[in-house]
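>>> what follows is a predicted protein model with its sequence.
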Amino acid sequence: MRGSGPRNGPIADRHWRGSARLAAACALAFCGLAGLVDWDAHTLTAARAVVWIAMSAAVFAVLLPQRVTAGTGWLTVRGPVRRRTVRTDALVSVRRSAGVTDRLVLRDAHGGRLELDIRVLTANPLLWHELDTGLRRSVHRGTLHSGADTFRRLGEQIDTETARAVLRASGLS
């Protein structure tokens, strides 16, 4: 039985592996179907196969979700090309960016900047807790200049969604 003492190591998005497997499956399916259609049409050559493989790699890169990890005082988002880290205990601004998906834009006092999908925080309460704890330290230290209200509203939204999920899981809603 695991104790409820302090955790060791960073916290990661618990759904990332499944999403990465789905991205790989979609890329492989695309490659297989494209090759099969090309083969059936008797137009498949080595050069065309390389093109289909390259396009499948591009599909995988587009579908691969960002990997979000957090620890005491930091948050990192890794994409297929780059890695961004911010110090959550030295945040300068928090902003919500609306687009195709809602994103949270964080900037720290050391020049770090990252964007992450809000759904990742909703689905991972431990990541949310680490970010919330770091933001509270930023407020306490006086480094946060803008975005405290945005973060408070986001916290309320995440708490509401978490409560609804608990009620659904327990059969009370």
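Okay, I see it. Residues are numbered from 1 along each chain as shown.
>>> which secondary element of the protein has the worst mean pLDDT?
Least confident helix or strand, the chain: helix 148-170 with a mean of 87, by mean pLDDT, DSSP states H and E.
>>> now do the same end-to-end measure for stretch 77-97.
End-to-end distance for stretch 77-97, by CA to CA, to the nearest Å: 16 Å.
>>> and for stretch 111-126?
Stretch 111-126 has an end-to-end distance of 25 Å (CA to CA).
>>> how about residues contacting it?
11, 13-15, 65-66, 68, 70, 75-77, 84-87, 96-97, 101-107, 127-128, 131, 154, 157-158, 161-162 (CB atoms under 8 Å, 6 or more residues apart in numbering). Bear in mind the C-beta positions are built from the backbone N, C-alpha and C, glycine included.
>>> list the helices and strands the lengthiest helix in the chain packs on?
In the chain, taking DSSP state H as the definition, the longest helix is helix 16-40. The contact analysis (3 or more CB pairs under 8 Å, 6 or more residues apart in numbering; DSSP states H and E) places helix 16-40 against helix 46-63.
>>> report how many residues lie close to residue 11.
Around residue 11 there are 19 other residues, counting by other CB atoms under 10 Å.
>>> wait, I meant residue 29
For residue 29, the tally of surrounding residues (other CB under 10 Å) stands at 12.
>>> the nearest residue to residue 57 once chain neighbours are set aside: what's it in contact with?
For residue 57, ignoring the flanking residues on the chain, the nearest one in space by CB to CB, 6 or more residues apart in numbering is residue 27 at 7.0 Å. Contact analysis of residue 27 by CB under 8 Å, 6+ apart lists 56-57, 59-60, 63.
>>> again, 10 Å this time
Going by CB atoms under 10 Å, 6 or more residues apart in numbering, residue 27 touches 53, 55-64.
>>> and residue 17, by the same measure?
For residue 17, the contacting residues are residue 67, by CB under 10 Å, 6+ apart.
>>> hmm, back to that, how about the contacts of residue 27 in CSV, adding neighbour count and pLDDT?
Shown next, in CSV, are the contacts of residue 27 (neighbours: other CB atoms under 10 Å; pLDDT from 0 to 100):
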residue, neighbour count, pLDDT
53, 14, 97
55, 14, 97
56, 21, 97
57, 13, 96
58, 12, 96
59, 19, 96
60, 19, 96
61, 13, 94
62, 11, 93
63, 17, 94
64, 17, 94
